[in-house]
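> Could you work out the structure for the sequence below:
(one chain, ligands or ions: 2)
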Amino acid sequence: MLRVEGLSAGYDGVPVVFDVSFEVAEGEIVAIVGSNGAGKTTVLRAVSGLVRPMSGRIEFMGRDISGLPAHAITSLGLVHVPEGRRLFAKMTVLDNLLLGAHTVPDEKLVSVALGEVYEIFPVLKERAGQKAETLSGGEQQMLAIARGLMSRPKLLMVDEMSLGLAPILVDRVLDVLTEISKRGVTVLMVEQKVEKALEMADRAYVLQTGRVVLSGTGEELLGHPDVKKAYLGM
Ligand SMILES: Nc1ncnc2c1ncn2[C@@H]1O[C@H](COP(=O)(O)OP(=O)(O)O)[C@@H](O)[C@H]1O
Ligand SMILES: [Mg+2]
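Numbering: from 1, shown residues only. Ligands and ions are numbered 1, 2, ... in the order given. Okay, here's the model as predicted:
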């Protein structure tokens with residue numbers, strides 16, 4: 001579904017990710033894991049068109065999307081839920097969700113999407129009329145994901161879903177990605193919570209100072225001595 005080959009990208013002409021290659025097949029949960037500053041967010045930004053690749057090729061559903069504007073990439077069904085949620089704090093939960101569906105042309109499809117989202121996140125239905133800023137951190141993160149789902153993506157890219165959440169919430173919020181995947185949405189997740197991400201992912205890539213240094217199934221990487229030492233504190 002997504003194939004990234006030899007991607008270099010960065011800021012103001014200075015690359016921070018180098019020659020990154022990975023792929024995501026339909027139906028998979030793929031994780032990109034690594035420490036703070038490794039370049040995970042930059043990779044997602046390059047894929048979703050927010051940062052222009054310096055070199056490399058990005059193919060989505062067989063089509064070269066490198067250099068396309070972000071909105072064009074979104075309308076192909078590749079949706080990026082950015083780090084830090086970016087909700088409209090003063091707007092209601094429902095209005096935030098409806099904004100996520102602005103690319104959906106058909107009102108019937110919007111209500112189908114809303115029904116699905118409320119099934120996955122019943123709490124958002126209960127709180128539909130509340131301002132987004134009144135939600136807890138975990139609920140806000142769920143709203144950010146739900147808003148991404150409202151456009152009915154084929155591939156959902158989620159950046160650091162666990163960031164800023166209390167440890168007891170991290171598992172619950174991340175488990176939502178497994179649920180979304182079961183409903184037929186392919187998932188590319190980026191996480192600093194390496195252990196949990198590897199437990200959930202079908203396959204994963206370890207990014208270190210801008211380069212992919214390891215890849216394999218989640219299970220293989222969980223058992224890899226370098227991963228254990230660097231990320232699992234063993
Ligand atoms: N907007 C930006 N301008 C300049 N440098 C940036 C910007 N965003 C990130 N960087 C730098 O790029 C590197 C990779 O950052 P990032 O992709 O955010 O890593 P991660 O998501 O893995 O924490 C870091 O050194 C960071 O300081
Ligand atoms: Mg990041």
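> Give me every residue in this protein that's in contact range of ligand 2.
Applying Cβ under 5 Å from the ion, we find that the chain lies next to ligand 2 at 40-41, 83. Yep, even glycine has a C-beta here, placed from its N, CA and C like the rest.
> what's the domain layout of the protein?
By the record's domain assignment, the chain is partitioned as 1-77+154-234, 87-152 (automatic domain parsing).
> out of the residues of the chain next to ligand 2, who has the most neighbours?
Highest neighbour count within the residues of the chain next to ligand 2: Lys40, with 25 neighbours (other Cβ atoms under 10 Å).
> where's the residue nearest the centre of the chain relative to ligand 1, distance?
Central residue of the chain (Cα atoms, centre = their mean): Val158, 1.3 Å from the mean position. Distance of Val158 to ligand 1, given as Cβ to the nearest ligand atom, to the nearest Å: 12 Å.
> For that residue, which residues are in contact?
Applying Cβ atoms under 8 Å, 6 or more residues apart in numbering, we find Val158 in contact with 81, 145, 148, 177, 187-190.
> quick one: contacts for Tyr231?
Counting by Cβ under 8 Å, 6+ apart, Tyr231 touches 33, 35, 194-195, 206.
> between these, which is nearest ligand 1?
Ser35 (7.0 Å; Cβ to the nearest ligand atom).
> sec struct for the closest one, please.
Three-state assignment for Ser35 (DSSP: H, G, I helix; E, B strand; the rest coil): coil.
> And for Lys229, the neighbour number?
For Lys229, using other Cβ under 10 Å, the count is 10.
> Which helix or which strand is home to it?
helix 225-231 (DSSP states H and E).
> is ligand 1 contacted by that helix?
No: Helix 225-231 stays clear of ligand 1 (Cβ under 6 Å from any ligand atom), getting no nearer than 12.8 Å.
> residue ranges for the helices of the chain, please.
40-48, 70-75, 93-100, 107-120, 122-126, 137-149, 167-182, 194-200, 218-222, 225-231 (DSSP state H).
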